[in-house]
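**Q** Dropping a prediction and its sequence here:
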Amino acid sequence: MVLADLGSKITGAIRKMANHTVIDQDVLDSMLADICKALLQADVNVQQVKQLRTNVKNAVNFDNLASGINKRKLIESSIMKELCAMLDPGVKPYEPKKKKPNVIMFVGLQGAGKTTTCTKFAYMYKRKGWKTCLVCADTFRAGAFDQLKQNATKAKIPFYGSYTETDPSIIAGDGVAKFKEDGYEIIIVDTSGRHRQEGALFEEMEQIAAATKPDDIVFVMDSSIGQAAHDQAKAFKEKVRVGSCIITKLDGHAKGGGALSAVAATQAPIIHIGTGEHIDDFEDFEVQAFVSRLLGKGNIAGLMERMKEADVDLEGAEMMKRLASGQWTLRDMREQFQAVMKMGPLSNIMNSFPGMQGLDFRESSQRIKRWMTIMDSMSERELDEPKLMNASRVLRISQGSGYYPNEVLELLDQFKMMQHTMQKTMKKNKKMGGKAADMRSMDSNTVAQMMSKMNPQMLQHLGGVQGLEAMMKEMEAAEKKMGK
């Protein structure tokens, strides 16, 4: 997870406090010292850290506390509130409007990952069902148009640029006019960067802004600069109407916390964060959800929202009909894996669960992709009738997919476990008089076995079967809250 080191240090300090039988001023001071040290190591501004310490102490005044108040919960909620306040500028970012052209201009220094971020932003909205496109107005950097062209082609996003025109404002104006005419909803304009803040860059930005009349100007910034992000964001905001910020490279630098808090102090809301090199290593930034994940509490409501946005239905009508008649096939398993992958990187999904922070899901993600490839090498009949599987079929599937026979057998073992879980759940629902299609009463012990197969550390991080049951109840509550 992003800033996993900072998150583990803060949760470690809170856990250490919770282990004391008596919570007094000395215990609070010791915990705050650990949290402040962790924040300073993440390059958060000293004054902001000092303010957090003061505010928590004022909120948890032991002399004025009424008897019977749960001190642990009060301290935890105060810390969460102050961390949220540190990252929240209290300003709402621009919200694109459907069926209308939304021109969004990206600005920033060279090397911040602006062009890559433009493609990630366009791809994210494309997945949500928007009509997106890219305009390259960067004529300063050699190869800028080639890079955008390559990224856009890979993501299957229309683009516009020129090898001959040298005036970026003309390219930007022509590109925006063309895409508006074609009915595009998200028109992203990628602009030139420089190695440092200089007059020529700001003048060019102003000209492009005048030619395109953007609805929002997004400032892209490298997280590795830490606290210096404040001055940089402020300088850009003074020259052009910066409406929001995107912080990149948060997966690889300890100063990310400083960059996040510094930008928030400029009153420019952070809308997304870049968490890797791949096109889908891109997350929405919502303060409450981010802090919740940072403290190891997960973000179940955000996960349910993501499922809704990606139009993911893990209980498809056809699959439920087959389950009701006692069937669950490899085709159903493949459809479930496809639905999960549609929601984005597995690590992002799993980090939304409480207690999953800090776990590495790259191996699990590769395993699911491997299984998907193996299932793609199966015939239609094999997908619908797993009982047909024998040694010769396993060998043929192995050769067709490019994987070893033992890896095909590993998939079949996982399928049998999942099939058993599904069928057991359906029988349990029928006995309890529930609907045949109700998948919420999953047997926690069987789910625990499946988790151990995917990642042996998962169950341990959740706090055993009891922690798993609590998480499942939380998911059900979040689903009911959303009115599903």
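**A** That came in fine, so what should we check first?

**Q** all contacts plus neighbour counts: C-alpha atoms, from now on.
**A** Noted.

**Q** Centroid-nearest residue for this protein?
**A** In the chain, the residue lying closest to the centroid (Cα atoms, centre = their mean) is residue 283, at 3.6 Å.

**Q** residue boundaries of the strands in the protein?
**A** 102-107, 132-137, 159-160, 186-191, 216-222, 242-248, 270-274, 282-284 (DSSP state E).

**Q** Determine which stretch of these is the most buried.
**A** Highest mean neighbour count of the strands of the chain: strand 186-191, a mean of 28 (counted as mean count of other Cα atoms under 10 Å).

**Q** quick one on the thing from earlier: pipe the strands of the chain into JSON lines and attach distance to residue 292 per row.
**A** Shown next, in JSON lines, are the strands of the chain (distance: least, Cα to Cα, whole Å):
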{"stretch": "strand 102-107", "distance to residue 292": "29"}
{"stretch": "strand 132-137", "distance to residue 292": "31"}
{"stretch": "strand 159-160", "distance to residue 292": "37"}
{"stretch": "strand 186-191", "distance to residue 292": "30"}
{"stretch": "strand 216-222", "distance to residue 292": "23"}
{"stretch": "strand 242-248", "distance to residue 292": "19"}
{"stretch": "strand 270-274", "distance to residue 292": "16"}
{"stretch": "strand 282-284", "distance to residue 292": "14"}
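
**Q** Looking at these, which is nearest to residue 401?
**A** strand 282-284 (29.9 Å; Cα to Cα).

**Q** ok, the closest one: who's next to it in the sheet?
**A** strand 270-274 (antiparallel) (DSSP bridges).

**Q** I'd like to check the angle between the strand it pairs with and strand 242-248, please.
**A** For strand 270-274 against strand 242-248, the angle by axes from the mean of the first three to the mean of the last three Cα atoms, to 10 degrees is 20 degrees.

**Q** average pLDDT for strand 270-274?
**A** Across strand 270-274, pLDDT averages out at 89.

**Q** Likewise for stretch 239-252?
**A** On average, stretch 239-252 scores 83.

**Q** which outside residues touch it?
**A** 1-3, 93-94, 112-113, 117, 202, 205-206, 209, 216-224, 236, 256, 259-260, 263, 268-276 (Cα atoms under 8 Å, 6 or more residues apart in numbering).

**Q** just stretch 75-89 next, same as before
**A** Residues contacting stretch 75-89 (Cα under 8 Å, 6+ apart): 14, 48, 52, 55-56, 59-60, 260-261, 264-269, 287-288, 291-292.

**Q** buried set for that stretch?
**A** 75-76, 78-89 (16 or more other Cα atoms under 10 Å).

**Q** now, which of the residues you listed lie within helices?
**A** 75, 76, 78, 79, 80, 81, 82, 83, 84, 85, 86, 87 (DSSP state H).

**Q** As TSV, those with pLDDT would be great.
**A** As requested, these are exported to TSV (pLDDT from 0 to 100):
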residue	pLDDT
75	89
76	87
78	91
79	91
80	89
81	90
82	90
83	88
84	88
85	86
86	85
87	84
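
**Q** before we move on, back to that, mean pLDDT for the strands of the chain: which is lowest?
**A** Taking the mean pLDDT of the strands of the chain, strand 282-284 comes last: a mean of 85.

**Q** can you list contacts of it?
**A** 120, 121, 124, 271, 272, 273, 274, 275, 276.

**Q** what's the farthest-apart pair in those residues?
**A** 271 and 276, at 16.3 Å, using Cα to Cα across the contacts of strand 282-284.

**Q** tell me the contacts of residue 114?
**A** 106, 107, 108, 190, 220.

**Q** a markdown table for those, including distance to residue 70?
**A** Below are those laid out as a markdown table (distance: Cα to Cα, whole Å):
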| residue | distance to residue 70 |
| --- | --- |
| 106 | 47 |
| 107 | 48 |
| 108 | 47 |
| 190 | 52 |
| 220 | 42 |
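
**Q** in stretch 146-162, what's buried?
**A** 148, 149, 151, 152, 157, 158, 159, 160, 161, 162.

**Q** is it true that the last one touches residue 169?
**A** To tie it back to what came earlier, the one meant is residue 162. No. Counting by Cα atoms under 8 Å, residue 162 sits too far from residue 169 to count as a contact (11.8 Å).

**Q** neighbours around residue 365, how many?
**A** 16 (other Cα atoms under 10 Å).

**Q** Looks like it contacts residue 346 (just checking).
**A** Yes. With contact defined as Cα under 8 Å, residue 365 counts as touching residue 346 (5.9 Å).

**Q** about what we covered before: what residues are bridge-paired with the residue nearest to the centre of the chain?
**A** residue 273.

**Q** now, the most widely separated pair of the ones in helices among the buried residues of stretch 75-89?
**A** 75 and 87 (18.8 Å).

**Q** Reformat the buried residues of stretch 146-162 as JSON lines; add distance to residue 380.
**A** Shown next, in JSON lines, are the buried residues of stretch 146-162 (distance: Cα to Cα, whole Å):
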{"residue": "148", "distance to residue 380": "39"}
{"residue": "149", "distance to residue 380": "38"}
{"residue": "151", "distance to residue 380": "34"}
{"residue": "152", "distance to residue 380": "34"}
{"residue": "157", "distance to residue 380": "32"}
{"residue": "158", "distance to residue 380": "35"}
{"residue": "159", "distance to residue 380": "38"}
{"residue": "160", "distance to residue 380": "42"}
{"residue": "161", "distance to residue 380": "44"}
{"residue": "162", "distance to residue 380": "47"}
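
**Q** wait, what's in contact with the closest residue to residue 44 other than its chain neighbours?
**A** Nearest residue to residue 44, sequence neighbours excluded (Cα to Cα, 6 or more residues apart in numbering): residue 258, at 3.9 Å. Taking Cα under 8 Å, 6+ apart as the contact definition, residue 258 lies against 42, 43, 44, 45, 226, 227, 229.

**Q** tally of neighbours for the residue lying closest to the last one once chain neighbours are set aside?
**A** Leaving aside its sequence neighbours, residue 229 sits nearest to residue 259 (Cα to Cα, 6+ apart; 5.4 Å). By other Cα under 10 Å, 29 other residues sit near residue 259.

**Q** was I right about residue 259 contacting residue 223?
**A** Yes. With contact defined as Cα under 8 Å, residue 259 counts as touching residue 223 (5.4 Å).

**Q** got any residues that touch both of those two?
**A** 229, 247.

**Q** So what's the gap between the lengthiest helix in the chain and the chain middle?
**A** Assignment by DSSP H gives helix 405-431 as the longest helix of the chain. Distance, stretch centre to chain centre, for helix 405-431: 29 Å (Cα atoms, centre = their mean, to the nearest Å).

**Q** list the helices and strands it packs on?
**A** Secondary-structure packing of helix 405-431 (3 or more Cα pairs under 8 Å, 6 or more residues apart in numbering; DSSP states H and E): helix 317-324, helix 362-376, helix 391-401, helix 444-454.

**Q** Taking helix 391-401 as reference, get the angle to that helix.
**A** Using the same axes, to 10 degrees: helix 405-431 against helix 391-401 is 110 degrees.

**Q** Need the per-residue pLDDT for residue 172.
**A** For residue 172, pLDDT reads 95.

**Q** hmm, I was thinking of residue 390
**A** 94.

**Q** what's the closest non-adjacent residue to residue 99?
**A** Using Cα to Cα, 6+ apart, the closest residue to residue 99 is residue 185 (6.0 Å).

**Q** That neighbour contacts residue 128, correct?
**A** No. Look at residue 185 against residue 128 with Cα under 8 Å: they stay out of range, at 12.0 Å.

**Q** ok, those two, which is more surrounded?
**A** Legend: neighbour count by other Cα under 10 Å for residue 185 and residue 128, higher for residue 185 (21 against 12).
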